[in-house]
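[1] What shape does this take:
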Amino acid sequence: MKLTVSQMYFAFVIANVFCKGIGLNSSSVIYKIIMVVGLIGILIGISTRKYSRKESFISAVMLSSGIMTLLITKQYTFLITCIAAIGIKKTDVDRLMKNVCSIRTICFGLIFSLALLNIIDRDKVEIWRNTGYVSRYGMGYGHPNILHLTLFIVLTLNYYLNVEKKNDLKKFWIIALALNIFVYRYSASRTGFIVISIFELLILVQKIGIARKGLTKLPIAVFCTLIFFTYLTPALKNLGVVDITTLFNGRASYTYLYLTRYGYSLFGFNNSLSETGLLLDNGYLRLLIETGVVGLLIWIYLNVNLMRKIIENSDYKMAIIVTCFYIYIFTESFSSNIFMNYILFWGADEIFNKSKGVSINGDRFHADIQQKNTSSGIEEKS
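    A predicted model of the protein is given here:
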């Protein structure tokens, strides 16, 4: 049986999501094989598809940037994200995300349960916090922060795709609250706990009719505030506007040190992270360090299209999720990884599948309506 490009793309994404779902990383041989075979297949598939001039230009810029980033920084995550974004053309993103949601949910439940039963390693780490050592557990995900981030991904996907009715929303909110508290007992991830709490608070806010309209513009406000704060940190410090010594648990200090030492480059810096030995949990800064100005602009472009999609469709549920992702990215460095930062799929869908104001799913919907109307003796006027 001959595989279509869309089927190859689906298989590539699902395989990566499954690997992330069970805690595999780039050191795994299985993961490396999936990546190499999948990327080759997707690149061949991309070369056979027809793109508009605008799409071709965007694709060329993204691929070139991803390749240059790989050559200079030896980091391949951004290249994979670029290929996944380009390959999304003619893909039913709603169906894709439903599959991603199912796999993520099942894998999280399975891995966490196995760790609870001590069947797999709990990945214990100890850190000094305030007045003493705190035991934290990755519960099969390598690091406690990844554990809570995975819970956040599972909850947001299920909220968007599976919560429709009012009663469903109440049940989901209670379950999300319970899981957030329960998982925090093991992860002790303050960031993860706070972001999921904000997520639940925004769900309550969206029930207020007046506030719902404002939610669609919230991602823009949060995105601009955090991204400008990150890149203007040196200027803010020099002006004496903020004391960055302990701000955001030292993240502002690290940002200042990186920006003043390395500044800006087109395609990132090699070994900058290992040379300093500093922590870098700010995803906006890490994106700049690892992909350079060009990569950052591409990433911003994907998010601008995503925010436009939210406003055009008045999609408050997507607005809540995207807002929380932007907050999370400020404290964790997963911004360039499309399989963790899955909102980039929505941004890419808006670029490569939007035609004359509607998405591919919208085109298919209108085509179905037209077919039904024609069969009923109703002719569509051009």
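
[2] for the record, mean pLDDT for stretch 169-178?
    Stretch 169-178 carries an average pLDDT of 95.

[3] what about that stretch, distance to the chain center?
    22 Å (C-alpha atoms, centre = their mean, to the nearest Å).

[4] need the helices for the stretch 101-250 of the chain, in chain order.
    Taking DSSP state H, counting those that start in this stretch as the criterion, the stretch 101-250 of the chain contains helices spanning 144-162, 166-187, 190-205, 209-215, 218-231, 233-238.

[5] packing partners for the first one?
    For helix 144-162, the packing partners by 3 or more C-beta pairs under 8 Å, 6 or more residues apart in numbering; DSSP states H and E come out as helix 93-116, strand 132-137, helix 166-187, helix 190-205, helix 316-329. No exception for glycine: its C-beta is placed from N, CA and C like everyone else's.

[6] circling back to that earlier point, just the helices of the stretch 101-250 of the chain: most buried one?
    Each of the helices of the stretch 101-250 of the chain was scored by mean neighbour count; the highest is helix 144-162, a mean of 23, by mean count of other C-beta atoms under 10 Å.

[7] what's near enough to touch the most centrally placed residue in the chain?
    The residue lying closest to the centre of the chain (C-alpha atoms, centre = their mean) is Asn341, at 1.1 Å. By C-beta atoms under 8 Å, 6 or more residues apart in numbering, the contact set of Asn341 is Phe325, Ile329, Phe334, Ser335.

[8] ok, now Lys213?
    Residues in contact with Lys213, defined by C-beta under 8 Å, 6+ apart, are Ser314.

[9] Could you do the one 10 residues further on as well?
    With contact taken as C-beta under 8 Å, 6+ apart, Phe223 is in contact with Asn303, Met307, Tyr326.

[10] Just give the nearest non-adjacent residue to Phe112, would you?
    Excluding its sequence neighbours, the residue lying closest to Phe112 (C-beta to C-beta, 6 or more residues apart in numbering) is Met139, at 5.3 Å.

[11] Roughly how far does the one you found sit from Lys217?
    37 Å (C-beta to C-beta, to the nearest Å).

[12] Neighbour count: the two, which is higher?
    Between Met139 and Lys217, counting by other C-beta atoms under 10 Å, Met139 is the more crowded of the two (28 against 14).

[13] Does Cys82 touch Ala60 like I think?
    No. With contacts counted by C-beta atoms under 8 Å, Cys82 stays clear of Ala60, the gap being 10.6 Å.

[14] the more surrounded of those two?
    Neighbours per residue (other C-beta under 10 Å) separate Cys82 from Ala60, with Cys82 holding more: 28 against 12.

[15] tell me the SS of the more buried one?
    helix (DSSP: H, G, I helix; E, B strand; the rest coil).

[16] Ser6 too?
    Look at Ser6: counting by three-state DSSP, its state is helix.

[17] burial count for it?
    For Ser6, the neighbour count with other C-beta under 10 Å is 17.

[18] Am I right that it is in contact with Lys90?
    Yes. Assessed by C-beta under 8 Å, Ser6 is found in contact with Lys90 at 6.0 Å.

[19] Relative to Lys89, how far out is Ile83?
    12 Å.

[20] So which helix or strand of this protein has the lowest pLDDT on average?
    Of all the helices and strands that make up the chain, helix 360-375 has the lowest average by mean pLDDT, DSSP states H and E, namely a mean of 38.

[21] what ranges of the stretch 101-250 of the chain fall below the confidence cut-off?
    Applying pLDDT under 70 to the stretch 101-250 of the chain picks out residues 239-250.

[22] export the contacts of Asn341 to CSV and tack on pLDDT?
    Converted to CSV, the contacts of Asn341 look like this (pLDDT from 0 to 100):
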residue, pLDDT
Phe325, 97
Ile329, 95
Phe334, 89
Ser335, 91
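
[23] Leu70: which of the residues you listed is nearest?
    Ser335 (17.0 Å; C-beta to C-beta).

[24] so what's that closest one closest to, chain neighbours aside?
    Leaving aside its chain neighbours, Ser335 sits nearest to Gly283 (3.5 Å; criterion: C-beta to C-beta, 6+ apart).

[25] That neighbour: how many residues sit nearby?
    24.

[26] Could you export the contacts of Phe223 as JSON lines, including distance to Lys165, pLDDT and neighbour count?
    Below are those laid out as JSON lines (distance: C-beta to C-beta, whole Å; pLDDT from 0 to 100; neighbours: other C-beta atoms under 10 Å):
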{"residue": "Asn303", "distance to Lys165": "30", "pLDDT": "97", "neighbour count": "24"}
{"residue": "Met307", "distance to Lys165": "27", "pLDDT": "96", "neighbour count": "22"}
{"residue": "Tyr326", "distance to Lys165": "28", "pLDDT": "97", "neighbour count": "26"}
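
[27] tell me which of these is nearest to Val222?
    When these are compared against Val222 (criterion: C-beta to C-beta), the nearest one is Tyr326, at 4.8 Å.

[28] Ala221 is in contact with that closest one, correct?
    No. Because the distance of 9.6 Å does not satisfy C-beta under 8 Å, Tyr326 is recorded as not touching Ala221.

[29] Nearest to Thr260, out of the helices and strands packed on helix 144-162?
    helix 316-329 (22.0 Å).

[30] what residues does the closest one touch?
    With C-beta under 8 Å, 6+ apart as the test, helix 316-329 has contacts from 149, 152, 156, 159-160, 191-192, 195-196, 198-199, 202-203, 206, 212, 215-219, 222-223, 226, 283-284, 306-307, 309-310, 334-335, 341, 343, 346.
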